[in-house]
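>>> need a 3D model of the sequence below.
(one chain, ligands or ions: 2)
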Amino acid sequence: MAKRSSQFICQECGAVYNRWKGKCEACGGWNTIVEETSSSPLAGPASTRPSRAKGRVFPFESLSGEIKEAPRIPSGIAELDRVTGGGFVHGSIILIGGDPGIGKSTLLMQAAASLAQKGHRVAYISGEEAIAQVRLRAERLGLASAPVELAAETNVEDIIATMSNGVPPTLAIIDSIQTMWTETVESAPGTVTQVRGSAQALIRFAKTKGTAVILVGHVTKDGQIAGPRVVEHMVDAVVSFDGDNSHHFRILRAVKNRFGPTDEIGVFEMSDQGLREIENPSELFLAGRDHAVPGTAVFAGMEGTRPVLTEIQALVAPSSLGTPRRSVIGWDNNRLAMILAVLEAHGGLKLGMHDVYLNVAGGLRINEPAADLAAAAALVSSLSGAALPSDTVYFGELGLSGAIRPVSHMQNRLKEAAKLGFRTAVTPVPRQERNEKFALTPNAIGHITDLVASIAA
Ligand code: TYD
Ligand code: MG
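Ligands and ions are numbered 1, 2, ... in the order given. Now for the predicted structure:
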């Protein structure tokens, strides 16, 4: 008999307590702790049997001849494959999170249909929608004829039994993990114990049969994948699907990836025929740009291996408040504070009595320090009321001394900017590249004072 016990588990972060509390000490959430009874968390038919001398060890070097690059199954959707690192890996588990209605089910249906049309066995298990609803969506996407196996099922044991019939599927989609329940655990569906138990069973299935499994996970209001923080550690890759309601485009981003990069993004547009891939995101992010308006600068950024141009907008206005406002969308608050301090200390700007707003147009989130120079240019331009030349891009990292440092992938950034019709780039040029030929003329600067002087002039 498995030992039965009662535990109090935080539904936000999975922390376990032996009595009820109002506030979770681990994540600080209020009223998130729920009593769950479970037979021991690892209970499964296999774990109750004592195994005798079953473990095997392998010398590390003996494996190197057998294991090559993980075999990939390309989904046929280039933007999705870019994020996974070239396709799904056999026997791997991907958790995909995103707000309700962002298009997770749509994306996965498109991927499922694409693989099924190539002759792979693909199972789409919906715990949220009835078969008729899933079919309706497939029809709307023009994919109703794809031989995807559909099931509306929430019991993990039944799902695994169905999938174990015949050849194991190449890809199985579980939409969503929060609706699944397993008989080995007594808690209600959606609780941490259930989610973890169900995920464990599905992971075991994936690893033994070589099926790539995608788990859809809901996110809470602050963007965390709800409940299964624990699941994030169990899976091979965690991918988030974001976007914002005022725009039609969606960004797929790997948060964790055991088999590929985590800095690539996939860009899609939601249309009435499902998600359309965007091959050239720069055109999208620069569309509708206001030319020659003070306070806007174009940043030549990199997302993984792909250059992406975006517009950075700043508004610097006299403040009526005792403590002026600083507000940032799509960038880091602390980075803005640093740039403002450098502009004051070394650029001679007076910003202490001004509200400052910074926005990355189009809803993209930028993490690169290379955006410092573009942000600084937008700020100086807004404060001075002088518009920046509309055929110029900016990139470079700002140091606390006011020095501007070169950044990586200079050639790629310049090439992309030239392709989109830009003529000048304001950026520091690393010493080893001073004699190189560039796709467009870098207007080399080395210090923040050069930037301020060039804009005010
Ligand atoms: P869905 O994939 O159901 O989102 P999720 O699974 O992440 O909750 O997407 C639902 C939204 O997408 C819904 O608001 C309608 C919209 N949509 C389109 O605009 N075009 C389409 O072709 C489809 C299928 C959905
Ligand atoms: Mg859905």
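>>> list the contacts of the residue positioned nearest the centre of the chain.
Nearest residue to the geometric centre of the chain (CA atoms, centre = their mean): residue 253, 2.6 Å. Counting by CB atoms under 8 Å, 6 or more residues apart in numbering, residue 253 touches 83, 239, 240, 241, 242, 264, 265, 266. In short, each C-beta sits where N, CA and C put it, glycine included.
>>> what does residue 237 give?
Contacts of residue 237 by CB under 8 Å, 6+ apart are 84, 92, 93, 94, 95, 254, 256, 257, 258, 259, 260.
>>> show the buried residues in these.
Neighbour counting by 16 or more other CB atoms under 10 Å classes 84, 92, 93, 94, 95, 254, 257, 259, 260 among the contacts of residue 237 as buried.
>>> tell me which of those is nearest to ligand 1?
Taking CB to the nearest ligand atom as the measure, ligand 1 sits nearest to residue 95 out of the buried ones among the contacts of residue 237, at 13.7 Å.
>>> list the contacts for the nearest residue in space to residue 143 that is not next to it in sequence?
Nearest residue to residue 143 in three dimensions, chain neighbours excluded: residue 113, at 3.9 Å (CB to CB, 6 or more residues apart in numbering). If a contact means CB under 8 Å, 6+ apart, then residue 113 has 122, 138, 141, 143, 146, 148 as its contacts.
>>> around ligand 1, pick out the residues from the stretch 1-150 of the chain.
Within the stretch 1-150 of the chain, the positions lying close to ligand 1 (CB under 6 Å from any ligand atom) are 98, 100, 101, 102, 103, 104, 105, 106, 137, 140, 141.
>>> let me know the closest of the residues you listed to residue 403.
residue 98 (39.9 Å; CB to CB).
>>> count of neighbours near residue 305?
11 (other CB atoms under 10 Å).
>>> please enumerate the strands of the stretch 151-300 of the chain.
With strands called from DSSP state E, counting those that start in this stretch, the stretch 151-300 of the chain shows them at 171-175, 212-218, 237-243, 249-257, 265-271, 274-277, 296-303.
>>> does the residue in the stretch 151-300 of the chain that ligand 1 sits nearest to have beta-bridge partners, and which?
With CB to the nearest ligand atom, the shortest gap between the stretch 151-300 of the chain and ligand 1 falls at residue 274, namely 4.1 Å. Counting by DSSP bridges, residue 274 forms beta bridges with residue 271.
>>> follow-up on the earlier one: so which of the contacts of residue 237 are in helices?
Among the contacts of residue 237, the members found in helices (DSSP state H) are residue 84.
>>> roughly how far does residue 169 sit from residue 293?
53 Å (CB to CB, to the nearest Å).
>>> typed the wrong thing, it's residue 7
Distance from residue 7 to residue 293, by CB to CB: 58 Å.
>>> of those two, who's got more company?
Under the criterion of other CB under 10 Å, the comparison of residue 7 against residue 293 puts residue 7 first, with 18 against 13.
>>> what is the helix or strand hosting that one packed up against?
Element membership of residue 7, judged by DSSP states H and E, is strand 4-10. When contacts are defined as 3 or more CB pairs under 8 Å, 6 or more residues apart in numbering; DSSP states H and E, strand 4-10 packs onto strand 16-17, strand 33-39, helix 192-209.
>>> closest one of the buried ones among the contacts of residue 237 to residue 216?
Out of the buried ones among the contacts of residue 237, the member with the shortest distance to residue 216 (by CB to CB) is residue 95, at 8.0 Å.
>>> if we can go back for a sec, export the contacts of residue 113 to TSV and tack on pLDDT and secondary structure?
Below are the contacts of residue 113 laid out as TSV (pLDDT from 0 to 100; DSSP: H, G, I helix; E, B strand; the rest coil):
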residue	pLDDT	secondary structure
122	96	strand
138	93	helix
141	93	coil
143	92	coil
146	91	coil
148	94	coil
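>>> got a winner among the residues you listed for most neighbours?
If you count neighbours using other CB under 10 Å, the busiest of the contacts of residue 113 is residue 148, which has 26 neighbours.
>>> wait, isn't that one in contact with residue 137?
No - if you go by CB atoms under 8 Å, residue 148 and residue 137 don't touch, sitting 11.5 Å apart.
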